[in-house]
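Colleague: Sequence plus predicted model, see below.
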2 protein chains.
Amino acid sequence: MSGFLWFNCPVNADVPLLGSASAGDLLRLLRDGVPRTRNELTAVTGLARSTVRARLDTLLDAGLVSDGGNEASTGGRPAGRFVFNARARVVLAAEVGATHATVAITDLTGAPLAVRRLEQDIADGPDAVLAGLVATWRSLLTEAELDSVRPAGVGIGLPGPVEHSTGRPNNPPIMPGWDGYDVPARVGAEFGVPVLVDNEVNLMALGEHRTCFPDAEHLIVVKVATGIGSGFISNGMLHRGAVGAAGDLGHILAPNAGDVPCRCGNTGCLEAVAGGPAIAASLRAGGIEAHTSADVVALVRAGNPEAGKAVREAGRTIGEVLATCVSMFNPSLIVVGGTVALAGEMLLAGVREAIYRRSLPLATGKLRIVPSQAGDDAGVLGAAAMVVEHVLSPAVVDRDLA
Amino acid sequence: MSGFLWFNCPVNADVPLLGSASAGDLLRLLRDGVPRTRNELTAVTGLARSTVRARLDTLLDAGLVSDGGNEASTGGRPAGRFVFNARARVVLAAEVGATHATVAITDLTGAPLAVRRLEQDIADGPDAVLAGLVATWRSLLTEAELDSVRPAGVGIGLPGPVEHSTGRPNNPPIMPGWDGYDVPARVGAEFGVPVLVDNEVNLMALGEHRTCFPDAEHLIVVKVATGIGSGFISNGMLHRGAVGAAGDLGHILAPNAGDVPCRCGNTGCLEAVAGGPAIAASLRAGGIEAHTSADVVALVRAGNPEAGKAVREAGRTIGEVLATCVSMFNPSLIVVGGTVALAGEMLLAGVREAIYRRSLPLATGKLRIVPSQAGDDAGVLGAAAMVVEHVLSPAVVDRDLA
């Protein structure tokens, strides 16, 4: 039994040793939105009264806490209450897809204050795309009369693998000019605040989890559009993987895909046989005019039986690749979103059919497979949640207030 | 954007709101093993001096903190220091495999004080197997002269899916009589302490992570023996899945497995074609006498080329099933253990070959595939770590001391 480095055992890794009763911790407590008096805060935290007073003063000065009215009088002078001020700062959030972007301003709970959708081609490169985002945030701030509110941070989702710790795209297959580009430096120079970057499907997963499925501890979100991707939540946390490549479903070799070429340069990738354009191509081969995911969805909605059949077959192919993931990851929930998912039950039926046929029975016993709830906003809501969780973490609050 | 339940957003889900400066928190701080004075604890926590004094008294009374000597004198009377007492309680840990068990007593850091290996057949059922564990713990406590030390908790790994929240096996394929059995009730009645139960390969993953690879945030441990299983660590935490079925590698359909029958009742399962007995069967078909994993390993070690080739081929088959997991989960590390892994590089070479051939390049760029470091003790070390992290968590400490 010798040779183990017991002192390496990270018993305290999840909780900072210091600052266990800092201003940041007091703010974390108040983020539930419940107004509390000084006495209540002293009782709950065990802090010295003078410490609570000093930390509240710091938070009041920063605007992060405000007057929450008086408690109901019990005879003496009623005590003042303090409440988290979610409008003290704004968050700038964006989800950038291959051909569209969703840009938003949110408050410090991640609730949207203004949203705009852009047509934007990721292949225009980082300078053009990021300048477009910056201009849109500035324009939204002005329109919503939020120019005077300080931004707390920026969150951006991009349609490829991202090294989250540096904010740089990592060998993204469909993003010419973006590999290794320092997104935080470019955008941080505009606003002077932290810029967090992640894969857009990871942020869709975070958005669905935080806003619609907070009780699902283990969840997979699948996006089916021009490309196909997925994001994992494990133990309530985003699972990014070692280099930000987790969930890259679209470029896994699909069963029976043959040598269909993929835009990434390989052949037989899942998205090359089951993405929106691939479904459209299969319809054209049968004499039906269709080019995009939107064309396919329109045909399904119009009741075209060939289109419905093609979407269901794409769902089966996606489900076959997901089946091994379900056996291994044992999620309680799979959420299916993306433009092709707008075709409705046809896609889900195919996904369900393949997963229930191929996955281990125990892993599917309590599995739900449902359509996206947050819809087009999932990614931008996830981007905002990522920023809020970072900038309001006690360590960051304490550093900012020091 | 309407319809989202913002108040559901679990901003504080990871940290308890109350007790942020409780006795349990003070103990968590001291678990790093560094002796500290009252003044140092007051300064670090921001607690009132009287609060620190009261909480230290509680911890001293419980024996969890002890005298850590005096600080170096600076002229005045030197102040006394307080230190975590890892010998205040013992942990009873066991990993139960199909035919063997490893039983241990550890201290409150999870470091082993006594270990014994048993021959034990899981198919004897829960009454016989658990009685064997209980008798072994009692015997080890006596031999190590630890009878007088109170147990803090019991941790048990079992060779099948376990619903961790209840400690009951969940449809385990090779454990007749165990389905739904209330393991914590049976063992808790003996010792009167919390009993935590998990899948043994999950606990191997926890053991490898906590003792040998604490810096690997995302890791997969694969056990190749009579059966084949795996355990995932995501963001440094065990990923158990929705019903404790995550990582059930052995019963995934293997490529080209045909209709080889598996002991679970299905056909074509990975462990039916690549587990130790399956490798032995393939050797017998070539006229070489072999029945168990140990026979196979002995042949490989004796330089038998057919045995080496068969183990490598099994490694390839395992690697092919793992390849999709690698693309999706993007681990930084795969640790290969279990009795067949004792054959050495042959198994790893096959696993590496298939994973590097089939997984996405980005997901394998920084991937290491290594043999088990904790070896036979990985599971029992993980069982102890699971118990320590539970019983020394601030919430549980505070409840116990209340």
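Modeller: Arrived safely, thanks for sending. Residues are numbered from 1 along each chain as shown, chains lettered A, B, ... in the order given.

Colleague: so how far is A:E320 from the residue of the stretch 301-402 of chain A found nearest chain B?
Modeller: In the stretch 301-402 of chain A, the residue found nearest to chain B is A:N330; the distance is 2.6 Å by C-beta to the nearest C-beta. Any C-beta I mention is one placed from the backbone N, CA and C, and that applies to glycine too. Going from A:N330 to A:E320 by C-beta to C-beta, to the nearest Å gives 18 Å.

Colleague: and what of A:Q373?
Modeller: Taking C-beta to C-beta, one finds A:Q373 at 25 Å from A:E320.

Colleague: Tell me which of those two has more neighbours.
Modeller: A:E320 (22 against 16; other C-beta atoms under 10 Å in any protein chain shown).

Colleague: Let me see the contact set for the residue lying closest to that one once chain neighbours are set aside.
Modeller: Of all residues not flanking A:E320 in the chain, A:A354 sits nearest, at 4.7 Å (C-beta to C-beta, 6 or more residues apart in numbering or on different chains). Contacts for A:A354 (C-beta atoms under 8 Å, 6 or more residues apart in numbering or on different chains) come out as A:G315, A:R316, A:T317, A:I318, A:G319, A:E320, A:L322, A:A323.

Colleague: tell me which element A:A354 falls in.
Modeller: Remark: A:A354 resides in helix A:345-358, with elements defined by DSSP states H and E.

Colleague: List the buried residues in that helix.
Modeller: Buried residues in helix A:345-358, defined by neighbour count with 16 or more other C-beta atoms under 10 Å in any protein chain shown: A:M346, A:L347, A:L348, A:A349, A:G350, A:V351, A:R352, A:A354, A:I355, A:R358.

Colleague: Just give the closest residue to the fourth one, not the sequence neighbours.
Modeller: Just to be clear, that refers to A:A349. Spatially, and ignoring its direct neighbours in sequence, A:A349 is nearest to A:R312 (5.7 Å; C-beta to C-beta, 6+ apart).

Colleague: tell me the SS of the one you found?
Modeller: helix (DSSP: H, G, I helix; E, B strand; the rest coil).

Colleague: B:L283 versus that one, what's the distance?
Modeller: Distance, A:R312 to B:L283, using C-beta to C-beta: 46 Å.

Colleague: again, but for A:A205
Modeller: Taking C-beta to C-beta, one finds A:A205 at 46 Å from B:L283.

Colleague: With A:P194 instead?
Modeller: Counting by C-beta to C-beta, the gap from A:P194 to B:L283 is 59 Å.

Colleague: repeat for A:G275
Modeller: 45 Å.

Colleague: Name the residue in those two with the higher neighbour count.
Modeller: Set A:G275 next to B:L283 and count neighbours by other C-beta under 10 Å: A:G275 wins out with 26 against 21.

Colleague: Report the contact partners of that one.
Modeller: Here A:G275 is in contact with A:V224, A:A225, A:T226, A:G227, A:I228, A:G250, A:S293, A:A314, A:V340 (criterion: C-beta under 8 Å, 6+ apart).

Colleague: Go ahead and confirm the fourth one touches A:P172.
Modeller: Think A:G227. No: between A:G227 and A:P172 there is no contact under C-beta atoms under 8 Å: 10.8 Å.

Colleague: what about the two, which has more around it?
Modeller: A:G227 (29 against 22).

Colleague: In terms of helix, strand or coil, where does the residue in the stretch 151-300 of chain A positioned nearest to chain B fall?
Modeller: The nearest approach of the stretch 151-300 of chain A to chain B comes at A:G241, 2.6 Å away (C-beta to the nearest C-beta). When classified by three-state DSSP, A:G241 comes out as coil.

Colleague: got the contact list for it?
Modeller: By C-beta under 8 Å, 6+ apart, the contact list for A:G241 reads A:G247, B:H218, B:F329, B:N330, B:P331, B:A363.

Colleague: Could you count how many residues lie near the nearest residue to A:R368 once chain neighbours are set aside?
Modeller: Among residues not flanking A:R368 along the chain, A:L333 sits closest, at 5.1 Å (C-beta to C-beta, 6+ apart). Counted with other C-beta under 10 Å, the neighbours of A:L333 add up to 21.

Colleague: Please apply the same query to A:A86.
Modeller: 19.

Colleague: Could you confirm it falls within a strand?
Modeller: No: assessed with three-state DSSP, A:A86 is coil; it does not lie in a strand.

Colleague: Before we move on, what's the pLDDT of it?
Modeller: For A:A86, the model assigns a pLDDT of 93.

Colleague: Just read off the phi/psi values of it.
Modeller: Main-chain dihedrals, A:A86, degrees, to the nearest 10: phi -70, psi -10.
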